[in-house]
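Please work out how this folds:
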Amino acid sequence: MAESIELEILSSAAIPFKTGIKELYIPAYLGKAGVLENHLPYITLIKSGEIYYLDRENQKHYLYIREGFLEVLENKITLISDSIEKGEELKRADLDEGLAQAEQVIKAAQKVSGEIAPEELQKALEKQREFTTKLEIMNKIGDN
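Numbering: from 1, shown residues only. From the prediction side, this is the model:
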(Lines give C-alpha, C1' and ligand atoms only; values in the text may rest on other atoms or scores of the structure.)
Protein backbone atom coordinates (compact mmCIF):
# COMPACT_ATOMS: atom_id res chain seq x y z
CA MET A 1 0.00 0.00 0.00
CA ALA A 2 1.38 3.39 -0.99
CA GLU A 3 1.97 5.91 1.75
CA SER A 4 -0.98 8.27 1.89
CA ILE A 5 -1.74 11.11 4.26
CA GLU A 6 -4.20 13.87 3.47
CA LEU A 7 -2.94 17.35 4.34
CA GLU A 8 -5.49 20.14 4.66
CA ILE A 9 -4.31 23.70 5.24
CA LEU A 10 -6.81 26.23 6.54
CA SER A 11 -6.10 29.95 6.82
CA SER A 12 -8.30 33.01 7.06
CA ALA A 13 -5.96 34.71 4.58
CA ALA A 14 -6.00 32.08 1.82
CA ILE A 15 -8.15 29.53 0.01
CA PRO A 16 -8.16 26.13 1.77
CA PHE A 17 -5.62 23.72 0.31
CA LYS A 18 -5.68 19.90 0.26
CA THR A 19 -3.03 17.51 -1.02
CA GLY A 20 -1.72 14.00 -0.54
CA ILE A 21 1.64 13.68 1.21
CA LYS A 22 4.04 11.10 2.61
CA GLU A 23 5.45 13.06 5.56
CA LEU A 24 5.31 16.46 7.26
CA TYR A 25 7.71 18.32 9.58
CA ILE A 26 6.64 21.21 11.80
CA PRO A 27 8.08 23.61 14.41
CA ALA A 28 5.97 22.42 17.38
CA TYR A 29 6.26 24.33 20.65
CA LEU A 30 8.16 21.50 22.31
CA GLY A 31 10.55 21.06 19.37
CA LYS A 32 10.49 19.91 15.78
CA ALA A 33 8.03 17.12 15.08
CA GLY A 34 7.33 14.85 12.15
CA VAL A 35 4.19 13.08 11.01
CA LEU A 36 4.24 9.87 8.98
CA GLU A 37 1.51 7.53 7.78
CA ASN A 38 -0.57 5.90 10.55
CA HIS A 39 0.58 8.44 13.14
CA LEU A 40 -1.23 8.29 16.46
CA PRO A 41 -3.85 11.01 17.07
CA TYR A 42 -2.00 14.22 17.86
CA ILE A 43 -2.81 17.88 18.53
CA THR A 44 -0.17 20.56 19.01
CA LEU A 45 0.49 24.26 18.87
CA ILE A 46 2.89 25.31 16.14
CA LYS A 47 5.30 28.17 16.60
CA SER A 48 6.37 30.48 13.81
CA GLY A 49 8.82 28.95 11.39
CA GLU A 50 9.45 26.56 8.53
CA ILE A 51 7.19 23.65 7.68
CA TYR A 52 7.97 21.19 4.96
CA TYR A 53 6.27 18.16 3.52
CA LEU A 54 7.14 15.43 1.07
CA ASP A 55 4.45 14.92 -1.57
CA ARG A 56 3.53 11.58 -3.12
CA GLU A 57 6.11 12.16 -5.90
CA ASN A 58 8.90 12.67 -3.29
CA GLN A 59 9.11 16.43 -3.92
CA LYS A 60 9.76 18.68 -0.90
CA HIS A 61 7.48 21.68 -0.42
CA TYR A 62 8.21 24.47 2.05
CA LEU A 63 5.81 26.73 3.93
CA TYR A 64 6.24 29.55 6.42
CA ILE A 65 3.73 29.66 9.28
CA ARG A 66 3.09 32.36 11.86
CA GLU A 67 1.87 30.18 14.71
CA GLY A 68 -1.07 27.85 14.48
CA PHE A 69 -2.50 24.46 15.35
CA LEU A 70 -2.02 20.98 13.96
CA GLU A 71 -4.29 17.98 14.33
CA VAL A 72 -3.49 14.45 13.15
CA LEU A 73 -6.32 11.92 13.04
CA GLU A 74 -6.61 8.77 10.94
CA ASN A 75 -4.07 9.73 8.25
CA LYS A 76 -5.49 13.25 7.94
CA ILE A 77 -3.51 16.30 8.99
CA THR A 78 -5.27 19.60 9.50
CA LEU A 79 -3.04 22.67 9.76
CA ILE A 80 -4.71 25.91 10.88
CA SER A 81 -3.13 29.37 11.02
CA ASP A 82 -3.95 32.98 10.21
CA SER A 83 -0.79 33.19 8.11
CA ILE A 84 0.72 30.42 6.00
CA GLU A 85 2.89 31.26 2.98
CA LYS A 86 4.11 28.84 0.32
CA GLY A 87 7.86 28.96 -0.25
CA GLU A 88 7.50 29.37 -4.01
CA GLU A 89 5.37 32.50 -3.49
CA LEU A 90 7.99 34.34 -1.41
CA LYS A 91 9.74 37.29 -3.08
CA ARG A 92 13.43 37.81 -2.28
CA ALA A 93 13.34 41.60 -2.78
CA ASP A 94 10.47 41.99 -0.30
CA LEU A 95 12.24 39.80 2.24
CA ASP A 96 15.57 41.62 1.86
CA GLU A 97 13.82 44.97 2.33
CA GLY A 98 11.85 43.78 5.38
CA LEU A 99 14.97 42.27 6.95
CA ALA A 100 16.94 45.50 6.41
CA GLN A 101 14.18 47.55 8.08
CA ALA A 102 14.01 45.19 11.07
CA GLU A 103 17.78 45.25 11.47
CA GLN A 104 17.77 49.05 11.29
CA VAL A 105 15.36 49.20 14.25
CA ILE A 106 17.49 46.69 16.18
CA LYS A 107 20.70 48.69 15.55
CA ALA A 108 18.99 51.91 16.64
CA ALA A 109 17.91 50.23 19.86
CA GLN A 110 21.49 49.14 20.55
CA LYS A 111 22.89 52.66 20.04
CA VAL A 112 20.41 54.66 22.07
CA SER A 113 19.00 52.97 25.10
CA GLY A 114 15.53 54.06 26.18
CA GLU A 115 14.44 55.69 22.90
CA ILE A 116 12.91 52.52 21.47
CA ALA A 117 10.18 50.82 23.45
CA PRO A 118 10.89 47.20 24.44
CA GLU A 119 7.76 46.14 22.55
CA GLU A 120 9.06 47.77 19.35
CA LEU A 121 12.42 46.03 19.75
CA GLN A 122 10.70 42.68 20.37
CA LYS A 123 8.59 43.15 17.25
CA ALA A 124 11.72 43.99 15.19
CA LEU A 125 13.50 40.88 16.50
CA GLU A 126 10.50 38.72 15.57
CA LYS A 127 10.42 40.27 12.08
CA GLN A 128 14.16 39.64 11.72
CA ARG A 129 13.61 35.97 12.60
CA GLU A 130 10.67 35.73 10.19
CA PHE A 131 12.50 37.25 7.21
CA THR A 132 15.64 35.20 7.89
CA THR A 133 13.60 31.98 7.99
CA LYS A 134 11.78 32.88 4.78
CA LEU A 135 15.11 33.59 3.04
CA GLU A 136 16.39 30.19 4.21
CA ILE A 137 13.27 28.58 2.69
CA MET A 138 13.96 30.36 -0.60
CA ASN A 139 17.55 29.10 -0.57
CA LYS A 140 16.33 25.51 0.01
CA ILE A 141 13.98 25.60 -2.94
CA GLY A 142 16.69 27.18 -5.08
CA ASP A 143 14.76 30.36 -5.79
CA ASN A 144 17.32 33.15 -6.01
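
mind listing what's buried in the longest strand seen in the chain?
Ranked by residue count under DSSP state E, the longest strand found in the chain is strand 14-28. Residues of strand 14-28 classed as buried by neighbour count (16 or more other CB atoms under 10 Å): 21-24, 26-28. Using the backbone N, CA and C atoms, a C-beta is placed for each residue, glycine as well.

Include distance to L54 when you put those residues into a markdown table, please.
Listed next are these as a markdown table, based on distance: CB to CB, whole Å:
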| residue | distance to L54 |
| --- | --- |
| I21 | 6 |
| K22 | 5 |
| E23 | 5 |
| L24 | 8 |
| I26 | 13 |
| P27 | 17 |
| A28 | 18 |
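
pLDDT check: weakest of these?
Scanning the buried residues of strand 14-28 for pLDDT, the low point is A28. It has 92.

which residue sits closest to that residue, ignoring its sequence neighbours?
Among residues not flanking A28 along the chain, T44 sits closest, at 4.7 Å (CB to CB, 6 or more residues apart in numbering).

Check what pLDDT that neighbour gets.
93.

Tell me if I'm right that it and K32 touch.
No. Applying CB atoms under 8 Å as the test, T44 and K32 come out as separate, 11.2 Å apart.

shared neighbours, the two?
Residues touching both T44 and K32 by CB atoms under 8 Å, 6 or more residues apart in numbering: I26.

For the protein, just list every one of the helices.
Assigned by DSSP state H, the helices in the chain fall at 92-111, 118-141.

re earlier: packing partners for the longest strand of the chain?
Strand 14-28 is packed against strand 5-11, strand 31-36, strand 42-46, strand 49-55, strand 76-80, with contacts defined by 3 or more CB pairs under 8 Å, 6 or more residues apart in numbering; DSSP states H and E.

From the chain's centroid, how far away is the third one?
Just to be clear, that refers to strand 42-46. The chain centre lies 14 Å from the centre of strand 42-46; the measure is CA atoms, centre = their mean, to the nearest Å.

Quick check: which helices or strands does that strand pack against?
Looks like strand 42-46 contacts strand 14-28, strand 68-73 (3+ CB pairs under 8 Å, 6+ apart).

Ok, which of those strands comes nearest M138?
strand 14-28 (17.3 Å; CB to CB).
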